[in-house]
Structure formats: structure tokens, C-alpha cells
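Colleague: just to be clear, the model below is a prediction. Sequence and coordinates:
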Amino acid sequence: MCINTYKLMKITEILAKAKETKVSFEVLPPLKGKSIQSLYNIIDQLMEFKPPFIDVTYHREDFEYKLMPSGYYEKVAIRKRPGTVGICASIMGKYNVEAVPHLICGGFKVEETENALIELAYLGVQNVLALRGDARKFEKTFVPEPGGHKYAIDMVKQMHDMNEGRYLDSDLHDAYKTNFCIGVAGYPEKHFEATSYRKDLQHLKNKIDAGGDYIVTQMFFDNKAFLKFVKDCREIGIQVPIIPGIKPLTKKSQLKTIPSTFYIDIPDELENEMEKCKTPEAEKQLGIEWCVQQSKELLKAGVPCLHYYTMGDVKTLGNVVRGVF
Ligand code: FAD
């Protein structure tokens, strides 16, 4: 397998050259124990929409209590979806599209982050979404690894340094300058930990000033929130591309689970219509129609790319994208 048979491009170059709005996807690594073919089966279907890039999420090791043969429960570390880096390299080789690994601060010492970035550079992966990561199940708030980064901005700075040829070992001379295009996360409805929307926006601006090249947003169901966010970003001097992250609702139960998991609002109109649905098919159809409408409005507003969270449900997503274009 050779992964460098096509011209590698930064996300920012792809967006700058695009004559029309692009469509991209976020996929999850397979559950541990499943073959990568299960992910290929999903991507095979997504290729119909010619995505110039595909994001692959990163899943930190977490803890679970397991019943041991001794009869006692023990806390054991598990990583349910490993393989982000390898998956990205194989996606690039198999599909000739850019793969964007998500890299998180949680669980990494700064030296380990540097090693991961060197590995990505060797693999020809030059687009990375730099994230902090969330708290683990049994922690109330995010706890950085001892000797690890506290905020995403710290990883952005590290990547920016490597792009300038500055590594953690200050005695390295003429070190190779990496060429990372750095994506960061943005929150149209504010990140849940931020004390105010304005402060969160300023933290986002700081990430961009530190070297962030583009923004991908948390999902949202009300375009007004996204369009206001873009306007507010521009007003405080954020000039980089802002890519909306979108996902269709697929069932009534998500009216509760999505706001509590992602700290976002579901518009009253969508909630009321969903409550009226009598069958799972009707719920899914409503979610698709809402997402198609949302996407069409965003297209009209001139967004550079529509970035869909697949969350494993590629059939529904296919129906959305076919409905938009
Ligand atoms: P940060 O930018 O570090 O911000 C975290 C919080 O700290 C914010 O409230 C911010 O306002 C605040 N803050 C920042 N700087 C400062 C400062 N100097 N002082 C005080 N407060 C500050 N998680 C995963 O584990 N794996 C994934 O693959 C993944 N993919 C994602 C993709 C997207 C598009 C998005 C939007 C999120 C994703 N996440 C993922 C979730 C993300 O890790 C969480 O939302 C996390 O809680 C915050 O990450 P961040 O990079 O936005 O953090």
C-alpha cells in the first residue's frame, strides 16, 4: 500500500479551491474486536458524495468496573475504539481522500503528543483536529495527564512549534518542519464548561491566534445559532473557515439524550413535531427532513463545507445528502 500516490492537500487548500460547498463526514473507529472492513463498508457508501476529507474520532481509554473470578469488582482500563491513526493512513491509501485524525490532550503527556504527531507526519497525514477531550466516566471534570496539555490551545501551540521546526528537545538543530493544517472545535451554543458565551468565543480566538487554521463546530439543530456564531467570530477577528457540524435526529429518545450529552438545544418546533410522531419510521423521516432543510439553508448561507456526523447510521445520512443535492 502506498499512501502518497495522490496530491496531499490541506483542508484549508481544499476549501479555498472549491468552486462549490463540499460535503465531508466524521466516522468512528470500529469497536475493538471488529474488523476494519466494517468501517470500509460505511465509507464505501459515503464515497458516493465525493468527500474531499473524512474525520476519524479519537477514543480515550476509560475505566469500567468488571466482575472478576474472585467475585469482586475491579476497576479496569478499556479502550473501546482504538486505531485512529492506522485507520487514517488506510483510508488515505484506499480511497485517495484526506483523512483527518482527531487528537486529544487527555491521556497524553506532551512527549507522547509529540511522538503521535511525528508518526502522523511520517504517514503523510497533515490535517489534524486538535481537541482537549472530555472528562472520563468517573471524573467530574477533565483531568489532564500529569505532564500533559490542559487545553486544546496547548496542543495547537505544540503543532505550530513543530511546523516551525521547534520540538520539545531544544537542542535539536535544523529539525524537520512539519506541515500540519490544524483544525479546532467551536461551539455555536457555547462549550458547557465556559463561564460565558463571550469567554468561550475569546478562548476560540486564542486557539486560532495560536495557529488554528479552521474550525469545525459542535452539532446544532437551529441554524440561527450557527449563523450568529459565525457573525460573532468574524466580529472579534476570527477569519478562518468555519465548518458546520450536522447530524439528523433519528429517534424521539434523542430529544433527551442529545441535549444532555452534547449540551445543545433542540428547537421547540423540532421537539413538538417529533413528539407527534407515532412510529419509529415517522421519527426518522422527520429527522431527515429537518436535516435536509437545515443543510439547504446552510448551503444558501455559503458555508464552505457541510460536515456530517455519521455515528454509524450511514443509510439515514445518505438519504439526507441525496435530499440536499
Ligand atoms: P478547549 O478548547 O480546551 O476548551 C475546553 C473548555 O475550556 C472550554 O469551555 C473553553 O472555553 C475553556 N478554556 C479554554 N482555554 C481556557 C483558559 N485558558 N482558561 C479557562 N478556560 C479555558 N472528543 C473526543 O474525545 N474525541 C473526539 O474525536 C472528539 N471529536 C470532536 C469533534 C468536534 C467537531 C467537536 C466540537 C468536539 C469533539 N470532541 C471529541 C469533544 C471535545 O473533546 C470536548 O467538547 C471537550 O470538552 C472540549 O474540547 P475542546 O478542544 O473544545 O477544548
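Modeller: Noted; the coordinates are in hand. Numbers count the residues shown, from 1 in each chain.
Colleague: so where do the strands sit in the stretch 201-325 of the chain?
Modeller: Applying DSSP state E, counting those that start in this stretch to the stretch 201-325 of the chain gives strands spanning 214-219, 242-246, 305-309.
Colleague: mind checking those strands for the one nearest to the ligand?
Modeller: strand 214-219 (4.0 Å; CB to the nearest ligand atom). Backbone N, C-alpha and C define where each C-beta goes, glycine included.
Colleague: note down every partner strand of the closest one and its orientation.
Modeller: strand 181-186 (parallel), strand 242-246 (parallel) (DSSP bridges).
Colleague: state the pLDDT value of G148.
Modeller: Per-residue pLDDT puts G148 at 98.
Colleague: element containing it?
Modeller: Applying DSSP states H and E as the criterion places G148 outside every helix and strand.
Colleague: just the strands paired with strand 214-219: most buried one?
Modeller: strand 181-186 (a mean of 24; mean count of other CB atoms under 10 Å).
Colleague: what lies in contact with that one?
Modeller: For strand 181-186, the surrounding residues in contact (CB atoms under 8 Å, 6 or more residues apart in numbering) are 10-13, 100, 126-131, 152, 156, 159-160, 204, 207-208, 211-218, 229, 233, 242.
Colleague: from the residues you listed, which are also near the ligand?
Modeller: L131, A152, K207, V216, Q218 (CB under 6 Å from any ligand atom).
Colleague: which non-adjacent residue is nearest the last one?
Modeller: Okay, so that is Q218. Y187 (4.8 Å; CB to CB, 6 or more residues apart in numbering).
Colleague: next, the one you found: phi, psi?
Modeller: phi -130, psi 100 (degrees, to the nearest 10).
Colleague: how about D265?
Modeller: phi -100, psi 150.
Colleague: just confirm it contacts M219, I think it does.
Modeller: No. Counting by CB atoms under 8 Å, D265 sits too far from M219 to count as a contact (11.2 Å).
Colleague: who's more crowded, those two?
Modeller: M219 (21 against 14; other CB atoms under 10 Å).
Colleague: and the more buried one, what pLDDT?
Modeller: 98.
Colleague: about what we covered before: could I get the strands paired with strand 214-219 as TSV with mean pLDDT?
Modeller: Formatted as TSV, these follow (pLDDT from 0 to 100):
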stretch	mean pLDDT
strand 181-186	98
strand 242-246	98
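Colleague: nearest to E20, of the strands of the stretch 201-325 of the chain?
Modeller: strand 305-309 (10.2 Å; CB to CB).
Colleague: which residues of the stretch 1-150 of the chain lie near the ligand?
Modeller: Within reach of the ligand by CB under 6 Å from any ligand atom, the stretch 1-150 of the chain has these residues: T57, Y58, R60, H102, I104, L131, R132, G133, D134.
Colleague: any idea of the mean pLDDT in the helix or strand harbouring the fourth one?
Modeller: Using DSSP H and E, H102 sits in strand 98-104. Looking at strand 98-104 alone, the average pLDDT works out to 98.
Colleague: distance between it and the chain's centre?
Modeller: 8 Å (CA atoms, centre = their mean, to the nearest Å).
Colleague: at which residues are the helices of the protein located?
Modeller: 11-17, 37-46, 84-95, 110-123, 152-163, 197-209, 223-235, 254-262, 268-276, 280-300, 314-324 (DSSP state H).
Colleague: can I get the shortest one as CSV, trimmed to CA atoms?
Modeller: Presented in CSV, the C-alpha positions along helix 11-17 are these (Å, rounded to 0.1, in the frame of the first residue of the first chain):
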residue,chain,number,x,y,z
ILE,A,11,-8.2,21.2,4.4
THR,A,12,-7.8,25.0,4.0
GLU,A,13,-6.4,24.5,0.5
ILE,A,14,-9.3,22.2,-0.4
LEU,A,15,-11.8,24.8,0.8
ALA,A,16,-10.1,27.7,-0.9
LYS,A,17,-10.0,25.8,-4.2
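Colleague: quick one: buried residues of that helix?
Modeller: I11, T12, E13, I14, L15 (16 or more other CB atoms under 10 Å).
Colleague: between those, which is nearest N96?
Modeller: I14 (13.0 Å).
Colleague: thought S24 was touching that closest one, still the case?
Modeller: No. Using CB under 8 Å, I14 is not in contact with S24; the gap is 9.0 Å.
Colleague: shared neighbours of those two, which are they?
Modeller: With CB under 8 Å, 6+ apart as the test, I14 and S24 both reach P52, F53.
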